[in-house]
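# I would like the atomic coordinates for the input below:
(chains A and B)
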Protein chains: 2
Amino acid sequence: MKKLMCVPNVSEGRDAAKVEQLADVIRQDPSVKLVDLSSDGDHNRSVYSYLGDPEAVLEATKRLADLVFELVDMSTHTGSHPRMGAIDVVPFILVGSTTTEEAVEIARRFGRYVGDKGIPVYYYEDAATSSQRASLVDVRKGEYEGLAAKLEDPAWAPDEGPAVFNPATGSVQVAARFPLVAFNVNLRTDDLEIATRIAKAVRNKDGGYRYVRGMGLALEGTGMVQVSMNLTNYEGTPIPRVLETIRSEAARHGVAVAGAELVGPVPIRALEEVVKQYLQVHDFSVGQIIEMNM
Amino acid sequence: MKKLMCVPNVSEGRDAAKVEQLADVIRQDPSVKLVDLSSDGDHNRSVYSYLGDPEAVLEATKRLADLVFELVDMSTHTGSHPRMGAIDVVPFILVGSTTTEEAVEIARRFGRYVGDKGIPVYYYEDAATSSQRASLVDVRKGEYEGLAAKLEDPAWAPDEGPAVFNPATGSVQVAARFPLVAFNVNLRTDDLEIATRIAKAVRNKDGGYRYVRGMGLALEGTGMVQVSMNLTNYEGTPIPRVLETIRSEAARHGVAVAGAELVGPVPIRALEEVVKQYLQVHDFSVGQIIEMNM
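I've put the predicted structure just below:
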């Protein structure tokens, strides 16, 4: 079952009528399921999460972009969230058996659609055209306010569309990526230093697992600390391997794991590894799950 | 998401055209998904597995029964499988958030539909009207050949329909039940006695967990033995609890768990417990799985 999820961030979070109008163009195709919509007035931003067949998700995203360019004018936009454009980021996220290649192809087709309207597009994550553009943090440096200057820099020529600043739309950042798994592990200690040391042990930045980002946090009022993580590729770095490393590092300090959290959506394939690891069912397949046949 | 699976056993496994005709009445409603069909000439029996919304599954099962009564004549039926009737057993199996009560209601509506045609019906498992009728083994005792005598016994008055032997149809056995989980654990020893002792330790019959049936088996040619089990209610007796008990009992004999098998379909809720137990994600919900939102 090949599916895509798309989670565009739109720079409009105050005008409820517009936010709803934008949701409606996604819902227009009943095969595309809008699973979440969150708007924030301070950030002046709305995040739409929808999923379906890759082609249907692509078409819904084109409809969304068309309406955003009609309704949102970046030249009058204010808000606390970093942003480059009216439809600021458009990550296409692999679901089910969709491959990275397939998601990149959809991302590129969307990018060309936007570029052909005369709007600059940058690709990032797995859709990036160079490693310098892989991270959104780098691509978004300077933000909307610095975009005119950035477009004049040959090193930042857009991946699609002209190197011309469009004040009403800004630029559109388009990605393909694995779903993030937000995984937090709570430790039976109030010593933040231990959580920080363990976060460093497992995260890529300091020598840990390639697909782990993480930090130590105090959980106020609980007497516990947390290793708070994002797993950016649960195939390369499976959840159980990270947890067992944390258990082992915590034991070194005489600290036990009090519990863990999976925050927000989790792909079923990330859980397949849990069954294989702990039940030792070496040839388990998600196709065996009754609900997967529906 | 409320769904039902239905797995009727039909007493026809030799005439491929009839078997296919029966499959077609299930497929007639495209919302009902025929996930498996297996026919056996020796047993002279076909097993249809399909799932969908409870009402749609009920209607498909009525259509199936109508056609079975037209095509299958028990008075000329031979085959090695124990059976009571033309449509021999009709278990309605809970899937997703369907409750036992809801599945029993559908089972009873189907039973009345058959009874109203003048065909005797027995309910078993969660649909049973008394504990004497809970087990299919008891209900099916005497089989088709003993059914005429059984119907004359007031203790075996049918739950629906007249206490009258219908030679062409026999009786129909209707159940509501939890999905079975077939779970096998392989042990790194060739000592069958150890597998047998462990099977006794975990199975209900000998003092083990209420919802476990099981036995020890030799795995020929592998040098290993297996604790082969059916978990009849994965909520009451979760998979990880059974596995951990087996690990502990095996350790007592100095034997390690080599691996495990989940055979055939597994409900997602049975796996929820695996995540809670081993990842210690105490408030994990299957609703978080991206694919569950599709």
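
# can we go C-alpha only for contacts and neighbour counts from here?
Fine.

# could you find the closest non-adjacent residue to residue A:207?
residue A:201 (6.8 Å; C-alpha to C-alpha, 6 or more residues apart in numbering or on different chains).

# just the CA atoms of the helix or strand containing that neighbour, as PDB, please.
Using DSSP states H and E, residue A:201 falls within helix A:192-202. Output of helix A:192-202 as PDB, limited to C-alpha atoms (Å, rounded to 0.1, in the frame of the first residue of the first chain):
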ATOM      1  CA  LEU A 192      19.400  16.500  34.400                       C
ATOM      2  CA  GLU A 193      23.100  15.800  33.800                       C
ATOM      3  CA  ILE A 194      22.400  12.100  33.400                       C
ATOM      4  CA  ALA A 195      19.700  12.800  30.700                       C
ATOM      5  CA  THR A 196      22.000  15.100  28.900                       C
ATOM      6  CA  ARG A 197      24.800  12.600  28.900                       C
ATOM      7  CA  ILE A 198      22.600   9.900  27.600                       C
ATOM      8  CA  ALA A 199      21.100  12.100  24.900                       C
ATOM      9  CA  LYS A 200      24.700  12.800  23.700                       C
ATOM     10  CA  ALA A 201      25.400   9.000  23.800                       C
ATOM     11  CA  VAL A 202      22.600   8.200  21.400                       C
END
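
# now it: buried residues?
Buried residues in helix A:192-202, counting neighbours by 16 or more other C-alpha atoms under 10 Å in any protein chain shown, are found at A:192, A:194, A:195, A:196, A:198, A:199, A:200, A:201, A:202.

# surely residue A:22 is in a helix?
Yes - per DSSP: H, G, I helix; E, B strand; the rest coil, residue A:22 lies within a helix segment.

# can you report how many residues lie near the closest residue to it other than its chain neighbours?
If the residues on either side of it in the chain are set aside, residue A:22 comes closest to residue A:64, at 6.2 Å by C-alpha to C-alpha, 6+ apart. Neighbours of residue A:64 under the rule other C-alpha atoms under 10 Å in any protein chain shown: 22.

# need the three-state assignment for residue A:64.
helix.

# is it in contact with residue A:26, as I believe?
Yes - if you go by C-alpha atoms under 8 Å, residue A:64 and residue A:26 touch, sitting 6.6 Å apart.

# what helices and strands are in contact with the helix or strand harbouring residue A:114?
In this structure, residue A:114 sits in helix A:100-115 according to DSSP H and E. If you count contacts as 3 or more C-alpha pairs under 8 Å, 6 or more residues apart in numbering or on different chains; DSSP states H and E, helix A:100-115 packs onto helix A:54-71, strand A:87-96, strand A:121-125, strand A:172-177.

# I'd like the distance between the closest residue to residue A:204 other than its chain neighbours and residue B:256.
Among residues not flanking residue A:204 along the chain, residue A:210 sits closest, at 4.7 Å (C-alpha to C-alpha, 6+ apart). For residue A:210, the distance to residue B:256 (C-alpha to C-alpha, to the nearest Å) stands at 32 Å.

# for residue A:122, give me its contacts.
Residues in contact with residue A:122 (C-alpha atoms under 8 Å, 6 or more residues apart in numbering or on different chains) are A:128, A:139, A:158, A:159, A:160, A:171, A:172, A:173, A:174.

# farthest pair within those residues?
Across these, no pair lies farther apart than A:128 and A:171, at 15.0 Å, counting by C-alpha to C-alpha.

# hmm, back to that, was I right about the residue nearest to residue A:204 contacting residue A:231?
No - Residue A:210 is beyond contact range of residue A:231, at 9.2 Å (criterion: C-alpha under 8 Å).
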